[in-house]
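# what shape does this take:
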Amino acid sequence: MDADALISCGAMTLQFVAEYWRSIEKRPVVANVQPGYLRTLLPLEAPEQPESFSSIINDLESTIMPGVTNWHSPNFYAYFPTANSYPAICADILSGGIACIGFSWIASPSCTELEAIVMDWLAKAMGLPEFFLSTGNGGGIIQGTASEATIVALLAARSKIFNEKKAEDPTLTLGRLLDQLVVYCSDQAHSSIDKAALIVGCRLRKIASDSNCVMHGEQVQAAIAEDRAAGSIPFFIVATLGTTQTCAFDDLVSVGRVCEKEKLWMHIDAAYAGNAFICPEYRHLLNGIEYAESFDFNPHKWMLVNFDCSAMYLKDRTHFIDAFNVDPLYLKHAFQSSAPDYRHWQIPLGRRFRSLKLWFVLRTMGLDGLRAYIRKHIQLAKHFISLINQDNRFEIVFPAEAQLGLVCFRLKDGSNELNECLLKALNDDKRIYLVPSMVKQKYILRLAVCSWLTEEKHIEFAWNIITEVATKLLSK
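Take a look at the predicted model:
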């Protein structure tokens, strides 16, 4: 393929994406196929002879698109948002076209330097502490996901505690230490914390949250005291800002003070809600971040940057470099002491030019445009709440300290079984898509404003479907 072919094929691809955007509201929200559908539509073996690019594009609608769940449909309200925008898509094309592998500064200087710059831009826009800036001992790095960031932080914390304990006891082995290490998180924390502890090999203890799904320092302190008395070594805690189930915010101040007193590493997972901190009215939720060793949120959820782009900040990058520094001669270069090599801050070696997406979106939208986008989603969620409040059959449950773009609700006084039937009926109806959760033994429905196309009319459309389906269900 030469440059002229790229222009021709690229035009066909962009045309397809543009038409997809124009038609997405008319498409089914969830793919209406069964497992294995695609195997019946494609050949059993790869083609021996080349096929035209146009024929591949023409095959998309008949093969691939029927199996796509349309996350950017204005009728998609499941999980949390996944972001998208034309500047981010164009930047991804550039990343693929330039095709550098920026594991070190010398491997592509602009790939490394742009990442440090835009991560500093973001930190300043959110009002993060100065120790997270690249101009000090810390800095920011783009990881693939918040799950990946948790594993990286946990591995760095494990390395740190091992070095400290081995200095006290030179005979100590990592295996012996792992039997004693304890990780903490709220009982509302994301399942990725369980997976991280499983991978790293540490025991995970979940702290009971209060009736509003908030973890407090008092309960953390009691658990630490109990574990120390049993001979265990508490060393790491994940505090969540905006839990997946209800968007609850852990009490960072009280938890952070315990971490400072007990010398625990506090990692903050703000995958979804962290995006809102570019809006000054939500920055009070960051109170206590000064106690954190690491912090992560996903611009690919709510900041119009398409997947993958998880913004991780480190208070002291030396803990990560010490944990991940594998430095064969073929990777060394003359500028190692004066420029960051992000290969030492992550699990993989290779990395894509993901900072282009942030750079394009921040420049195209501006911080004001991004704030307006987030505030619009929050206002749409508030509009949905106002509709619920007009129907005494429903109730809002587990309202968050700060209302963002997620609303949790259920049939008032209805059993878990009845609410489960409502959710199933809504998704069987196929006009909108929601997912449920079980919180404090209560089955709830979650509506998350997800699409950049969503307007008030779509919220009202969703509410009309919910009330219509609920009326049919209750009449039975």
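# hey, where'd the strands end up in the stretch 201-350 of the chain?
All strands of the stretch 201-350 of the chain, identified by DSSP state E, counting those that start in this stretch, fall at 203-207, 233-240, 265-269, 294-297, 310-314.
# with residue 46 as the reference, name the closest of those strands.
Residue 46 sits nearest to strand 310-314 of all the strands of the stretch 201-350 of the chain, at 33.5 Å, using Cβ to Cβ. For every residue, glycine as well, the C-beta is placed using N, CA and C.
# indicate which one of the strands of the stretch 201-350 of the chain is closest to residue 415.
Nearest to residue 415, of those and by Cβ to Cβ, is strand 203-207 at 26.3 Å.
# low-confidence ranges in the stretch 301-450 of the chain?
The model of the stretch 301-450 of the chain has pLDDT under 70 over residues 329-331, 334-335, 338, 349.
# try 50
By pLDDT under 50, the stretch 301-450 of the chain has no low-scoring segment.
# tell me where it has helices.
Using DSSP state H, counting those that start in this stretch, the helices of the stretch 301-450 of the chain run over 318-324, 355-388, 416-429.
# centre of the chain to the last one, how far?
Right, the one you point to is helix 416-429. Chain-centre distance of helix 416-429: 27 Å, with Cα atoms, centre = their mean, to the nearest Å.
# what's the answer for stretch 183-193, then?
In terms of Cα atoms, centre = their mean, the centre of stretch 183-193 is set 14 Å apart from its chain centre.
# C-alpha coordinates for that stretch, PDB please?
The C-alpha trace of stretch 183-193 is given here as PDB (Å, rounded to 0.1, in the frame of the first residue of the first chain):
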ATOM      1  CA  VAL A 183      -4.200  -4.800  50.800                       C
ATOM      2  CA  TYR A 184      -7.400  -2.800  51.700                       C
ATOM      3  CA  CYS A 185     -10.300  -1.400  49.800                       C
ATOM      4  CA  SER A 186     -13.900  -0.600  50.300                       C
ATOM      5  CA  ASP A 187     -16.600  -3.300  49.900                       C
ATOM      6  CA  GLN A 188     -17.800  -1.000  47.000                       C
ATOM      7  CA  ALA A 189     -14.500  -0.900  45.200                       C
ATOM      8  CA  HIS A 190     -14.200  -2.100  41.600                       C
ATOM      9  CA  SER A 191     -13.600  -5.800  40.900                       C
ATOM     10  CA  SER A 192     -10.200  -4.800  39.300                       C
ATOM     11  CA  ILE A 193      -8.800  -4.400  42.800                       C
END
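# what's in contact with it?
Residues external to stretch 183-193 that are found in contact with it (Cβ atoms under 8 Å, 6 or more residues apart in numbering): 145-147, 150, 154, 196-197, 200, 202-209, 213-215, 220, 223-224, 234-240, 243-246, 248, 250, 264, 269, 271, 439.
# show me what counts as buried in that stretch.
183, 184, 185, 186, 188, 189, 190, 192, 193 (16 or more other Cβ atoms under 10 Å).
# and stretch 58-75, by the same measure?
For stretch 58-75, the buried set under the neighbour-count rule, 16+ other Cβ under 10 Å, comprises 66, 70, 71, 72, 73, 74, 75.
# and the second one, that one's in a helix?
When you say that, I think you mean residue 70. No - using DSSP: H, G, I helix; E, B strand; the rest coil, the assignment for residue 70 is coil, not a helix.
# turn the buried residues of stretch 58-75 into JSON lines, columns for pLDDT and distance to residue 165.
Conversion of the buried residues of stretch 58-75 to JSON lines gives the following (pLDDT from 0 to 100; distance: Cβ to Cβ, whole Å):
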{"residue": "66", "pLDDT": "94", "distance to residue 165": "56"}
{"residue": "70", "pLDDT": "95", "distance to residue 165": "51"}
{"residue": "71", "pLDDT": "94", "distance to residue 165": "45"}
{"residue": "72", "pLDDT": "94", "distance to residue 165": "49"}
{"residue": "73", "pLDDT": "95", "distance to residue 165": "52"}
{"residue": "74", "pLDDT": "96", "distance to residue 165": "53"}
{"residue": "75", "pLDDT": "96", "distance to residue 165": "53"}
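# save those as TSV, and put in distance to residue 14 too.
Listed next are the buried residues of stretch 58-75 as TSV, based on distance: Cβ to Cβ, whole Å:
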residue	distance to residue 14
66	22
70	19
71	19
72	16
73	20
74	22
75	25
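# farthest-separated two in these?
It's 66 and 74 that sit farthest apart of those, by Cβ to Cβ, at 20.0 Å.
# how about the helices in the stretch 151-300 of the chain?
Using DSSP H, counting those that start in this stretch, helices in the stretch 151-300 of the chain cover 174-178, 191-200, 217-229, 252-262, 299-302.
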